[in-house]
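Visitor: Sharing a model prediction with you, sequence too.
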Amino acid sequence: MHEAPDWIAVDWGTSQLRAFAMSGERVLAEASSDEGMGRLAPDAFEPALLRLIEPWLGSGVTPVIACGMVGARQGWAEAPYRTVPCAPVAPGALMPVAARDPRLNVSILPGLCQADPADVMRGEETQIAGFLSLHPEFEGTLILPGTHSKHVRIAGGEVTGFATHMTGELFATLAQHTVLRHSVAELDGTAPEAFAEGLRMGRAGEALSRLFGLRAEALLSGLSPEEARARLSGLLIGAELAQLPASGAAVAIIGAGALAARYREALALLGIAAAVHDGAELVRRGLIAARAAEEEEAT
């Protein structure tokens, strides 16, 4: 890399650290490591960051804007949540963090919180900001699938409320640590009819009453492990999607890979068209939006 960066964008999750050397909105270089928040004590964050970005640093001071679990209570420094309704990023919201290396000017983007019902997000707000930078007129629900799936209500360029569904974590727990482990395949297979059947049951409020039936059908009717896994996925995703507003408002998915495709398939089966937007790309765009907001505050 021959051009020195104006600033560095950092996406710091629980298991991975990603950094981008930036010139304005242009990516000059990128790097990643497995030194996520979950592996680091608070005093280990700065050394981990330097191991990744030191080749990009000059003799002057380089601004670094970070998002994600780096701002959690167990992270480098806790960045207090901002309360919804609010824009996902805003002028004056970044929290400065003291760095020992004089070449670093580090700040962390805070997450969002909701008082009633109580809920929090950290990292997703940056993806939402990136999405809104591309689709400023969007009004409706953003779905961010994952271990903890988020349904985020957007109106007037703000997050007006959100709900977290532990769908992914419940799926892993049920498939690996309950009696269902004897009947559910370890890997996804092709069983679209079983998924659609589970989706219908879950949306109808039958998820809890149908779970043990996966084991029973395997014993009595020869339900295959692949079918059991697909139906379990459908049951849980169906129960989650039953919480979507019935208003017919727009729905979009932020994610990637097989999980995002599974949610798009589920929504299509429910008669809802939803495009998938790459979450990794939106994080970078959200960090750009956060820097622009800070520059607006400075002027």
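Guide: Nice, I can see it.
Visitor: which residues of the protein fall in strands?
Guide: Remark: strands assigned in the chain by DSSP state E are 7-12, 17-23, 26-33, 62-68, 82-83, 95-97, 104-108, 112-114, 119-121, 140-144, 149-155, 158-165, 250-255, 276-278.
Visitor: The last one: which residues count as buried?
Guide: By that I understand strand 276-278. By neighbour count on 16 or more other Cβ atoms under 10 Å, the buried set for strand 276-278 is 276-277. All C-beta spots, glycine's among them, are computed from the backbone N, C-alpha and C.
Visitor: partners of that strand in the sheet?
Guide: strand 250-255 (parallel) (DSSP bridges).
Visitor: Quick check: pLDDT value at residue 214.
Guide: Note on residue 214: pLDDT of 98.
Visitor: Apart from its neighbours in sequence, what residue is nearest it?
Guide: What sits nearest to residue 214 in space, not counting adjacent residues and going by Cβ to Cβ, 6 or more residues apart in numbering, is residue 228, at 4.7 Å.
Visitor: quick one: contacts for the one you found?
Guide: Taking Cβ atoms under 8 Å, 6 or more residues apart in numbering, we find residue 228 in contact with 180, 183-185, 194, 214, 217-218.
Visitor: Return the subset of the residues you listed lying in helices.
Guide: Taking DSSP state H, the ones among the contacts of residue 228 that sit in helices are 194, 214, 217-218.
Visitor: Looking at these, spot the one nearest residue 43.
Guide: residue 214 (46.8 Å; Cβ to Cβ).
Visitor: Quick check, central residue of this structure?
Guide: The residue lying closest to the centre of the chain (Cα atoms, centre = their mean) is residue 124, at 4.6 Å.
Visitor: pretty sure that one contacts residue 145?
Guide: No. Between residue 124 and residue 145 there is no contact under Cβ atoms under 8 Å: 11.0 Å.
Visitor: can you pull the pLDDT of the residue of the chain most remote from its centre?
Guide: Residue farthest from the centre of the chain, counting by Cα atoms, centre = their mean, is residue 220 at 39.5 Å. Listed pLDDT for residue 220 reads 97.
Visitor: and it, how far is that from residue 213?
Guide: Separation of residue 220 from residue 213 (Cβ to Cβ, to the nearest Å) stands at 10 Å.
Visitor: Could you do residue 250 as well?
Guide: Distance of residue 250 to residue 213, given as Cβ to Cβ: 35 Å.
Visitor: next one: residue 22
Guide: With distances taken as Cβ to Cβ, residue 22 is found 52 Å from residue 213.
Visitor: okay, the two: which has more neighbours?
Guide: Shown here are residue 22 and residue 213; by other Cβ atoms under 10 Å, residue 22 has more neighbours (24 against 17).
Visitor: wait, doesn't that one sit right on residue 3?
Guide: No. When contacts are counted by Cβ under 8 Å, residue 22 is not listed as touching residue 3 (10.4 Å).
Visitor: So what touches stretch 91-102?
Guide: With Cβ under 8 Å, 6+ apart as the test, stretch 91-102 has contacts from 46, 50, 61, 65, 71, 76-77, 79-80, 82, 105-110, 290, 293-294, 296-297.
Visitor: Straight-line length of it, end to end?
Guide: For stretch 91-102, the first-to-last residue distance is 25 Å (Cα to Cα, to the nearest Å).
Visitor: One more: stretch 130-139?
Guide: Length of stretch 130-139, first residue to last, Cα to Cα: 15 Å.
Visitor: So what touches that stretch?
Guide: For stretch 130-139, contacts defined as Cβ under 8 Å, 6+ apart pick out 88, 142, 154-157, 249-250, 252, 254, 277, 281-289.
Visitor: Could you list the buried residues of that stretch?
Guide: Result for stretch 130-139 [16+ other Cβ under 10 Å]: buried residues 130-133, 138.
Visitor: Next, format these as a markdown table and append pLDDT and distance to residue 98.
Guide: Listed next are the buried residues of stretch 130-139 as a markdown table, based on pLDDT from 0 to 100; distance: Cβ to Cβ, whole Å:
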| residue | pLDDT | distance to residue 98 |
| --- | --- | --- |
| 130 | 98 | 28 |
| 131 | 98 | 32 |
| 132 | 98 | 31 |
| 133 | 97 | 30 |
| 138 | 97 | 37 |
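Visitor: Narrow those to those in helices?
Guide: Per DSSP H, the subset of those in helices is 130-133.
Visitor: Quick check: residue 193 vs residue 215, distance?
Guide: Using Cβ to Cβ, we find residue 193 at a distance of 19 Å from residue 215.
Visitor: OK, contacts around residue 147?
Guide: In this structure, residue 147 makes contact with 166, 168-169, 172, judged by Cβ under 8 Å, 6+ apart.
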